[in-house]
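# Got a sequence here, can you model it:
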Amino acid sequence: MTFRNGLDSLLRPEDSVLVLIDHQPYQLANLNSHDPHMVVNNSTALAKAAKAFGVPTILTSVIADRGGVIFPHITDVFPGQEVIDRTFINTWEDQKVVDAVKATGRKQLIIAGLWTEICVAMPTIQALGEGWDVTVVTDASGGTSVEAHEVAIQRMIAAGANMMTWLAVASEWQRDWARTEHAAELSEVLVQHAAGSGIAFLWEQQLLKTPVPSKG
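Down below sits the predicted model:
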């Protein structure tokens, strides 16, 4: 196994491409590894962070006529963008998806989807075997059970995949708060989706605008 370490292994927005897989009603209905509300929140936050940093994002569903369309929380982030609908369970066997990823010219492949043990594990393991640098966003994914999700993570780590959460991904894309180009957009994502951190940021802004009481 090639260990993924060193500064060059950290995610960079200019080298990243995001693939969001099967965030659909059918999959959500049997999501048991996470609170469904959390997965919807986290996958939406990941999509918004990708848009903020200019990271190309490919949206794909499986047999949407039966399984339902991708959550509007995600598709609304990319209005008018085509969702690639597949019959393949394994996204990486669908040439249209692979061609869309390759067309970006990016090398850091980031994947999140439902379910972890099937629709995330299959393309991750295949792409790793083809030489891609793959990161799986675990909290924007989920499985049919805690065991299924965790075993899938172990399996993908053994195959060489990198595991992260959405906030860690966004933080690596930002990397330095002196980089102000996307800081305001990222802050807005945090306010909307990072719960305590977002509320604390709003509180900080409130305190900064609150006049200091006079002593007189």
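# nearest residue to residue 193 other than its sequence neighbours?
residue 45 (3.6 Å; CB to CB, 6 or more residues apart in numbering). For the C-beta atoms, the positions are set from N, CA and C on the backbone; glycine is no exception.
# what packs against whichever helix or strand the one you found is part of?
Element membership of residue 45, judged by DSSP states H and E, is helix 36-52. The elements that helix 36-52 packs onto, with contact taken as 3 or more CB pairs under 8 Å, 6 or more residues apart in numbering; DSSP states H and E, are strand 16-21, helix 25-29, strand 57-62, helix 72-75, helix 166-174, helix 183-193.
# Show me the residue at the heart of this structure, geometrically.
Residue closest to the mean C-alpha point of the chain, counted by CA atoms, centre = their mean, is residue 46 at 4.2 Å.
# Give me the pLDDT for that one.
Residue 46 is assigned 98 on the pLDDT scale.
# Give me the spatial nearest neighbour of it, chain neighbours excluded.
residue 166 (4.2 Å).
# and that neighbour, how far is that from residue 193?
Distance of residue 166 to residue 193, computed by CB to CB, to the nearest Å: 8 Å.
# joint contacts of these two?
Common contact partners of residue 166 and residue 193 (CB atoms under 8 Å, 6 or more residues apart in numbering): 42, 45.
# Looking at these two, which one has more neighbours?
residue 166 (27 against 20; other CB atoms under 10 Å).
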